[in-house]
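>>> fold the following for me, if possible:
(chains A and B)
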Amino acid sequence: DAGITQSPRHKVTETGTPVTLRCHQTENHRYMYWYRQDPGHGLRLIHYSYGVKDTDKGEVSDGYSVSRSKTEDFLLTLESATSSQTSVYFCAISVVSGPNSGNTIYFGEGSWLTVV
Amino acid sequence: DQQVKQNSPSLSVQEGRISILNCDYTNSMFDYFLWYKKYPAEGPTFLISISSIKDKNEDGRFTVFLNKSAKHLSLHIVPSQPGDSAVYFCAAKEGGQFYFGTGTSLTVIP
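Got it, this is the predicted structure:
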């Protein structure tokens, strides 16, 4: 258990409305990520954060913004939801595996978002 | 452009036999590689990893092989069990970013 909680777990929203997904971690890890998973595309990075108020774009950042005001929380906002943003969203944290290992990324349980 | 590729969307294997999942990458700056397993309606779970300075890492029934010259890694599962049926993702790390393949759906037939 990586101590990651995502909320909401399921949401249906209308096109054009803003939506915020929350990721909460309990272990003060520095790096946090938001991915989306879609058939045929695997897991694609939306945004990531390397510290409080330090964020950067991933592969598919258009239409999304993020904020990290506290170490434990990483918020993903869809400014104006579109049907193409219907997806499963996964939050993740990066953990150093050991002195001779690299970082390992651990995922939350996912947030299913449907935009109608 | 996809930097990490899994060219086989699906694979079926008989129980007890070996499962071999393959992954190719294009970025020579990747320094760490990982495999994840995903069941429906759950988040991906970490399986095994390998540093770019190694060519093999083993953990129980799971072995990952890395061929840097070919930019290829593979995951061997032996013996395969029905509970191994899932989608497997390979991933590669550069700096603070992790890049994932599109996944291979493994079915282990009892």
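
>>> ok, now how distant is the residue nearest to the spatial centre of chain A from residue A:27?
Per Cα atoms, centre = their mean, the C-alpha nearest to the average position across chain A is that of residue A:34, at 2.3 Å. Per Cβ to Cβ, to the nearest Å, residue A:34 is found 18 Å from residue A:27. Every residue, glycine included, has its C-beta placed from N, CA and C.

>>> who does the least confident helix or strand in chain B by mean pLDDT touch, helix- and strand-wise?
Within chain B, no helix or strand scores below strand B:97-100, which has a mean of 92 by mean pLDDT, DSSP states H and E. Under the contact criterion of 3 or more Cβ pairs under 8 Å, 6 or more residues apart in numbering or on different chains; DSSP states H and E, strand B:97-100 touches strand A:42-51, strand B:86-94.

>>> quick one on the thing from earlier: ok, what's across the strand from the residue nearest to the centre of chain A?
Taking DSSP bridges as the rule, residue A:34 bridges to residue A:47, residue A:91.

>>> contacting residues for it?
Neighbour list for residue A:34: A:21, A:23, A:45-48, A:58, A:64, A:66, A:74, A:76, A:89-92 [criterion: Cβ atoms under 8 Å, 6 or more residues apart in numbering or on different chains].

>>> apply 10 Å and report the result again.
Residues near residue A:34 by Cβ atoms under 10 Å, 6 or more residues apart in numbering or on different chains: A:6, A:21, A:23, A:44-49, A:55, A:58, A:60-61, A:64, A:66, A:74-76, A:89-92, A:108, A:111.

>>> next: residue B:70.
Neighbours of residue B:70 in contact, by Cβ under 10 Å, 6+ apart: B:24, B:25.

>>> pLDDT score for it?
Looking at residue B:70, its pLDDT is 97.

>>> and it, helix, strand or coil?
coil (DSSP: H, G, I helix; E, B strand; the rest coil).

>>> wait, what's in contact with residue 79?
Just so you know, I chose chain A. A:16, A:17, A:18, A:19, A:63, A:64, A:65.

>>> to clarify, I was referring to chain B.
B:13, B:14, B:15, B:16, B:17, B:18, B:19, B:61, B:108.

>>> what's the closest non-adjacent residue to the third one?
The one in question is residue B:15. residue B:110 (5.1 Å; Cβ to Cβ, 6 or more residues apart in numbering or on different chains).

>>> contacts only, for that neighbour.
Taking Cβ under 10 Å, 6+ apart, one finds B:14, B:15, B:16, B:81, B:82, B:85 in contact with residue B:110.

>>> only whichever of those are buried, select them in ChimeraX.
Per 16 or more other Cβ atoms under 10 Å in any protein chain shown, the buried members of the contacts of residue B:110 correspond to this ChimeraX selection:
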select /B:85
